[in-house]
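# Kindly generate the corresponding structure for this input.
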Amino acid sequence: MARYLDERSKILEIFSRLRRSPRSTLLSFTDILRDCQKDPFECVSEELLKGWRSIYIDFSEKLRNILSEVLKEISGRILSAVYLVASLQSKIYEGDGITTSKILDLIESEHGYSVDRATVERIASQQDYEGAYEMLMTINSNIFNRIKSSIYVKYRGFHQ
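The predicted structure is shown next:
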């Protein structure tokens, strides 16, 4: 009975592995079993382990490449957003309307986020530092949400 349960567990393990294996691995099993000189379970298990290793290595390499692309893209866009919002803050506090307008143009072109210019002008003219802080945090938050969603949309099909 113990031998039967042991063999049965081996068979179930192999079938569970086979279900998760790619088609090319499954097709190669007929040749493996035909050429096998030892226990068929060992031959199939060895082949599955080799296949899994190559699949894992390939997957981890693809994942590493995509993550490095994503990190470069995210860091560049975040640095751009932080720089633009910090520049906007200093120019609002200085009351420099021309440069403020140019920075708003950059925010719109680089990050696709439109800022209400009338609000910016009102805050700058009244020197409303609390209002400026709230507005800048909103701009920052919205730009970061746009970055996050664009990265998600760009790479969402990777896991399929």
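# For the residue lying closest to Leu84 once chain neighbours are set aside, list the residues it contacts.
Distances taken as Cβ to Cβ, 6 or more residues apart in numbering put Ile107 closest to Leu84, at 5.3 Å, once the chain neighbours are dropped. (C-beta placed from N, C-alpha, C; glycine too.) With contacts taken as Cβ atoms under 8 Å, 6 or more residues apart in numbering, Ile107 has the following neighbours: Leu84, Val85, Leu88, Tyr113, Val115, Ile139, Ile143.
# Any quick ChimeraX command for the buried ones out of those residues?
Buried members of these, defined by 16 or more other Cβ atoms under 10 Å, are picked up in ChimeraX with:
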select :84,85,88,113,115,139,143
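# Out of the contacts of Ile107, which comes closest to Tyr152?
Ile143 (15.0 Å; Cβ to Cβ).
# In this structure that closest one contacts Ala81, no?
Yes - using Cβ atoms under 8 Å, Ile143 makes contact with Ala81 at a distance of 4.4 Å.
# joint contacts of the two?
The contact lists of Ile143 and Ala81 share His111, where a contact means Cβ under 8 Å, 6+ apart.
# Cross-check the contact I'm expecting between Leu106 and Ala81.
No - using Cβ under 8 Å, Leu106 makes no contact with Ala81, being 10.4 Å away.
# With neighbour numbers in mind, choose between those two.
Ala81 (21 against 15; other Cβ atoms under 10 Å).
# Against Lys62, how distant is the more buried one?
Distance from Ala81 to Lys62, counting by Cβ to Cβ, to the nearest Å: 28 Å.
# And Asn142, by the same measure?
Asn142 is 32 Å from Lys62, by Cβ to Cβ.
# repeat for Val120
For Val120, the distance to Lys62 (Cβ to Cβ) stands at 44 Å.
# Looking at these two, which has the bigger crowd around it?
The neighbour count for Val120 versus Lys62, taken as other Cβ under 10 Å, is higher for Val120 (23 against 11).
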